[in-house]
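Participant: Any chance you could fold what I've pasted below:
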Amino acid sequence: MKKVIFILLALCAVVVFVLWSTTAEESQSVTEKVSFSKSAKQIPESLVKQHGNNPANKADESNNPKLELNSANQTKELSCFEKYRQKPEWKDIEAIVGSIYMSGEEAAGEGVYQQIPLDAVKSYADAGDANAMFHFGSETMWNSSFGLYFNPINQNPGNTTKERQEKAQQHKVDLEAFHKGANYAYRAAVHGKLGGILEVSLVSKSVLRKMVRSQRQREDIEEFLIHRHAYLNLLEQVHKNDSELLLFFQNDEEIKGDLTMVYGVVGPDSDTLERIKTDIDERSLKLRERWESDRLSLGLEPYPDVIPERLDSLLEEMKNECR
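Facilitator: Have a look, this model is predicted:
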């Protein structure tokens, strides 16, 4: 499998909003979700891991805390990204990211569809609004994994941190709901909100982890693993003309990590590994063909080049200097 690296872009601020807390393992998923999905003002995953993977230790009952990054190493790396943020071209990069993934308001949790009830968001999504499709799909997938919504408007304000932890622990993954949300996120990407593919890839990691921990049937886990990696491969293809958007996320490492999660450090036997790889290739091909057909039916380029050449060199320079 071809090695690729993904991050949405770079740091514009050191504020991360953690909207609810879970146990340590669920907190890993929350951290990944926040760092990749809820901010167009990104930091690399290595930095996210450095400030700890238990936001329960950082959160107060307002569920909207400020997470400080104070170590010398973090400050050094943040300064590198901050330097690029000061360049005049950065506003253009932010605008591009906002158009295909999240705007600045959405990164701060203040987007239109983050402020209205989920049923209303679904109505707009069903009417063809790509932004609504994205947010409805994201919330639905997140809830399918933890039994809790990410946006405060959809949460029960009366739940304490402990109650949220218990609910997340006890919740059984709802695969039907996940696939429903994934379909909305996929449709959002088809209509131009390309970050919908990334959102499926991110939340699916949480789902796979919970399926393994809850000892779901092995065949169900393998099927979901195949589904997840078909989307990871589509993510790579969708952004193949914007390789500068592919930073700090190694697809090779994703499959290794998932196989270890499912089969332990020994891994699957050779026959099982070959079967899984074959199934991933076949599923990836079908998904890619579906993507191409759906995009072309709307008169859209299946694999758009959204970063102009004048910004390519800046992102390449940032990648080499700051990663």
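Participant: residues contacting residue 289?
Facilitator: Counting by Cβ atoms under 8 Å, 6 or more residues apart in numbering, residue 289 touches no other residue. For the C-beta atoms, the positions are set from N, CA and C on the backbone; glycine is no exception.
Participant: For the stretch of helix or strand it belongs to, list every residue counted as buried.
Facilitator: In the assignment (DSSP states H and E), residue 289 maps to helix 270-297. Within helix 270-297, the residues scored as buried using 16 or more other Cβ atoms under 10 Å are 276, 279-280, 283-284, 287-288, 291, 294-295.
Participant: any weak-confidence spans in the chain?
Facilitator: Applying pLDDT under 70 to the chain flags residues 1-78, 246-252, 323.
Participant: which residue sits farthest out from the middle of it?
Facilitator: Among residues of the chain, the one most distant from the C-alpha centroid is residue 271; the distance is 31.1 Å, by Cα atoms, centre = their mean.
Participant: burial measure for residue 321, as a count.
Facilitator: Residues within reach of residue 321, counting by other Cβ atoms under 10 Å, total 11.
Participant: Distance of it relative to residue 93?
Facilitator: As defined by Cβ to Cβ, to the nearest Å, residue 321 lies at a distance of 15 Å from residue 93.
Participant: Tabulate the buried residues of helix 270-297 (TSV), appending distance to residue 151.
Facilitator: Converted to TSV, the buried residues of helix 270-297 look like this (distance: Cβ to Cβ, whole Å):
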residue	distance to residue 151
276	35
279	34
280	32
283	31
284	31
287	28
288	31
291	27
294	27
295	28
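Participant: Report the secondary structure element holding residue 144.
Facilitator: For residue 144, the host element (DSSP H and E) is helix 130-146.
Participant: do the same with residue 169
Facilitator: Going by DSSP H and E, residue 169 is part of helix 161-170.
Participant: Only C-alpha atoms, please: export whatever helix or strand comes next after that helix in PDB.
Facilitator: Once the chain leaves helix 161-170, the next helix or strand it forms, by DSSP H and E, is helix 175-190. C-alpha atoms of helix 175-190 as PDB (Å, rounded to 0.1, in the frame of the first residue of the first chain):
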ATOM      1  CA  LEU A 175     -23.100  -0.200  13.000                       C
ATOM      2  CA  GLU A 176     -26.400   0.600  11.200                       C
ATOM      3  CA  ALA A 177     -26.200   4.200  12.500                       C
ATOM      4  CA  PHE A 178     -22.500   4.500  11.600                       C
ATOM      5  CA  HIS A 179     -23.200   3.500   8.000                       C
ATOM      6  CA  LYS A 180     -26.100   5.900   7.800                       C
ATOM      7  CA  GLY A 181     -23.800   8.700   9.000                       C
ATOM      8  CA  ALA A 182     -21.000   7.600   6.700                       C
ATOM      9  CA  ASN A 183     -23.300   7.800   3.700                       C
ATOM     10  CA  TYR A 184     -24.200  11.400   4.500                       C
ATOM     11  CA  ALA A 185     -20.600  12.300   5.000                       C
ATOM     12  CA  TYR A 186     -19.700  10.600   1.700                       C
ATOM     13  CA  ARG A 187     -22.500  12.500  -0.100                       C
ATOM     14  CA  ALA A 188     -21.200  15.700   1.400                       C
ATOM     15  CA  ALA A 189     -17.800  14.900  -0.100                       C
ATOM     16  CA  VAL A 190     -19.400  14.100  -3.500                       C
END
